[in-house]
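Trainee: All I have is the shape, not the residue letters:
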C-alpha cells in the first residue's frame, strides 16, 4: 500500500529529479554557510535599558551586519517591544516562559533546523537550566558569557557563606560543561579562569561597545551645569552610587548652581527618598542623546562590581567627562579617559575645579571619543567576536556535558525572580500577540505564529502496532499525524540508493510539519528518518557492508538541518516471533522480505537499542507490545505524550 506524505497530499512517485536538485542545493548551501550563533535572552531585550540587554541587542545587531547568522531565542515576558525587534537584521524566536525552560526538546528541534553552530548564554544559571541539555541534544558548541564575576560581586554586596558556597559550586559545574567562556574585561579573566577552572585557551575577552553612529559626540555642555547618572537603579551598586551623590555631593554642588539628572529604571522607593529640587529622576530613555546634549559631567561614585560598565562607553562616546572610582574603571584598559577619585567627600571640589578648566575638559572629551571609535565601536567588537567564534569551532575536542542541574535551587535565573518581585518591568500592551502560542518567529519584519509543542516520533520493530496506535489516536483534539514515507517505485530495490532516496524525502516531510505546526499542538510521525538509518544499519550488518551505513550517516550529517528533529521518541518493541506472526499476511510479498528475516530483525533491534542513542539523545518511551492489547499500548503512550 502506497501512502502520500500526509492526508490529501501528493505521492512522491517520480520525484527523483526534483529531490536530487533540492539535495544538491542544500549541500552547496551547507558548504558555503556562514557561522550561525544562537543567543539566548530572557527578560528584557529591546528596548535595551541596562548593560546586559544593551549588549545582547547591539552585539546581535552588529554580528548580523558583519556576516554572522544570528538567531535570538527570547523568553518572552511582555517586556520587549515586538515592533522594534521586527526592525532588526536577525531572526528571533519568541517563547512563552513555560516553553522556554520546560520544552527544551522543542527548542533543540528548532536549533537543529536552523543549523546553528554555537549556542550562547549569559552568566551562570541559564547554562545549567538550558544550555547543558540543549548542547547534549543538538551537538552545538556551548558558550557562556559572563558580564561580571558573580562570586566577587555577591561577596561585596554582603552575601552569606551559604550563598557564596552555592555560587562556587555553580561556577565549577558551568566550567565543566561549556566549550568556551567570554568575559567583558581583562580584569575578570584570571578570576573566572581560577573560579571556574577553565583553560586559558577556552576563555576570551570581548568587551561591550558603542554604536558610534547612534551616539552623537557633543562634548561637555558647560552652560548647562548638569551632572548626570545613567544606569539600572535596581542594581545595588548603582542604587548606592545615587545615594552617595544625593547625600554627599549634591548639597555642596547645588550651592554652586549645579543640577543632577538621574536616568534609568528606578525603584519608586529610591525616587521618593532622593528626589529634591535640582535632583531629578527622568526614568528610561529611548534616545540617550537627549540626556547627553545637556550634560556637563557624569558622576559614578561606585564602590562595588566587576566587568565593564556600558554607561561609561556611552559617556565617552558623547564626550561627557566622567568622575568615578578605581573600582568602577577596573575593567577598562584606558583609564586616562577618566577623572578618578575614591574619596567621595572630594567629588564636589573636583567638579568645581574641573568646571573652571574648560580646555582640560575639552581635551579629555575628545580623547575619550577617539578611544571609543578606535577600540569600542560595535563593528570592531563584532569582528573580534567573530574571530572568537572561529576559534571555538576550530576546537574539535569533545566536552563532557553534564546531564543534570540539581545544584540549582531555582527554576529560573535569580535576578529575574527578583525583578518580578520588585515589579521592575512593565508589560508592553501594544504588542498584541496571540493569547496562546508555542513560539513565534520574527524574521525580515514578518511574524509567524506556531502552536506545536510536541513532535512525537513513533519508531520500532515491524508488527509492533505503530500504525494501529496512530490511527486510533489522531482523532483527539489538536493532534495531527504524518504517515510513513513510501513509494511503489523504489521499494523493490534493497540498496543504498533507496536509503538515500528516503533520507532526501525527509526535507519534504519537514515542509509538511512546518505547515501543521501552525495549527496543531501535537504532531505524530509514523516513522521518521530514524527508520531509514535503522534499515540501512541492519542491511549493512547482515551483508557485511559497514561502509553503506557510514555513507548514509555521512549524508544525514550533511543534510540534517533539513530534517525535523522530534521532541519525543516512542520505541515500540515486539519479540521477533510475534513480529513474524502479526505480519504473516505480507510474508510472500518480496518487497517486505527483510521483515521476515530473523537475522535482519535482530540487527534492527540492535540499532534501536545501541546506535540510536548516539544519533538522537532524546528521552525515549520503551513499550514492549508483545503481550499488550492495542488499548494498553494506547494508554501507555498517551500518558507519555501528555506528560508536561
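Mentor: Looks like it came in fine. These numbers were taken from a predicted model, which means no experiment stands behind them.
Trainee: tell me the domain ranges of the protein?
Mentor: 36-209+385-399+434-448, 226-376, 451-641 (automatic domain parsing).
Trainee: could you dump those domains to CSV with mean pLDDT?
Mentor: Formatted as CSV, those follow (pLDDT from 0 to 100):
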stretch, mean pLDDT
domain 36-209+385-399+434-448, 93
domain 226-376, 92
domain 451-641, 87
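Trainee: okay, the ones you listed in CSV with mean neighbour count and distance to residue 412 next?
Mentor: Bear in mind the C-beta positions are built from the backbone N, C-alpha and C, glycine included. Listed next are those as CSV, based on neighbours: other Cβ atoms under 10 Å; distance: least, Cβ to Cβ, whole Å:
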stretch, mean neighbour count, distance to residue 412
domain 36-209+385-399+434-448, 19, 7
domain 226-376, 19, 17
domain 451-641, 18, 19
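Trainee: Take these and lay them out in CSV including distance to residue 414.
Mentor: CSV is the format used below for the domains of the chain (distance: least, Cβ to Cβ, whole Å):
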stretch, distance to residue 414
domain 36-209+385-399+434-448, 7
domain 226-376, 13
domain 451-641, 27
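Trainee: Tell me who's in contact with residue 481.
Mentor: Applying Cβ atoms under 8 Å, 6 or more residues apart in numbering to residue 481 gives the contacts 470, 473, 474, 523, 524, 525, 526.
Trainee: all helices for the stretch 501-644 of the chain, in order.
Mentor: Secondary structure of the stretch 501-644 of the chain, counting by DSSP state H, counting those that start in this stretch: helices at 529-543, 546-559, 576-582, 598-606, 612-615, 630-641.
Trainee: Not including adjacent chain positions, what is the nearest residue to residue 600?
Mentor: The shortest distance from residue 600 to any non-neighbouring residue, by Cβ to Cβ, 6 or more residues apart in numbering, is to residue 594 (4.6 Å).
Trainee: from memory residue 347 sits against residue 324, does it?
Mentor: No: judged on Cβ atoms under 8 Å, residue 347 makes no contact with residue 324 at a distance of 9.7 Å.
Trainee: Mutual contacts of the two, please.
Mentor: 299, 301, 341.
Trainee: could you say which helix or strand contains the first one?
Mentor: The reference is to residue 299. Residue 299 is part of strand 297-300, with elements assigned from DSSP states H and E.
Trainee: Quick one: list the elements packing against that strand.
Mentor: On a contact count with 3 or more Cβ pairs under 8 Å, 6 or more residues apart in numbering; DSSP states H and E, strand 297-300 meets strand 226-230, helix 310-318, strand 322-324, helix 347-355.
Trainee: I'd like to know which elements the shortest one is packed against.
Mentor: Looking back up the chat, that one is strand 322-324. Under the contact criterion of 3+ Cβ pairs under 8 Å, 6+ apart, strand 322-324 touches strand 297-300, helix 310-318, strand 339-340, helix 347-355.
Trainee: same deal with the second one?
Mentor: Contact here means 3+ Cβ pairs under 8 Å, 6+ apart; on that basis helix 310-318 packs against helix 51-65, strand 226-230, helix 289-292, strand 297-300, strand 322-324, helix 358-371.
Trainee: Make a markdown table from the helices and strands packed on strand 297-300 and add distance to residue 450 to it.
Mentor: Supplementary listing: the helices and strands packed on strand 297-300 in a markdown table, determined by distance: least, Cβ to Cβ, whole Å:
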| stretch | distance to residue 450 |
| --- | --- |
| strand 226-230 | 38 |
| helix 310-318 | 34 |
| strand 322-324 | 47 |
| helix 347-355 | 54 |
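Trainee: what about those, which gets the closest to residue 123?
Mentor: helix 310-318 (15.5 Å; Cβ to Cβ).
Trainee: Helix 358-371 and the closest one, what's the angle between them?
Mentor: 110 degrees (axes from the mean of the first three to the mean of the last three Cα atoms, to 10 degrees).
Trainee: Going forward, the N-terminal residue is numbered 38.
Mentor: In the new count, where the first residue is 38, that last one comes out as helix 347-355.
Trainee: contacts for helix 347-355?
Mentor: 88, 91-92, 245-247, 249, 252-256, 267-268, 325-326, 329, 332, 335, 337, 359, 361, 365-366, 369, 374-375, 405-406, 408-410, 413.
Trainee: and if you look at stretch 252-261?
Mentor: With Cβ under 8 Å, 6+ apart as the test, stretch 252-261 has contacts from 325-326, 329-334, 351, 354-358, 392, 395, 398-399, 402-403, 406.
Trainee: buried residues in stretch 454-462?
Mentor: 456, 461, 462 (16 or more other Cβ atoms under 10 Å).
Trainee: Report the angle between the helix or strand where the first one lies and helix 88-102.
Mentor: If I follow you right, that is residue 456. Per DSSP H and E, residue 456 falls inside helix 451-458. On the basis of the same axes, to 10 degrees, helix 451-458 is oriented at 120 degrees to helix 88-102.
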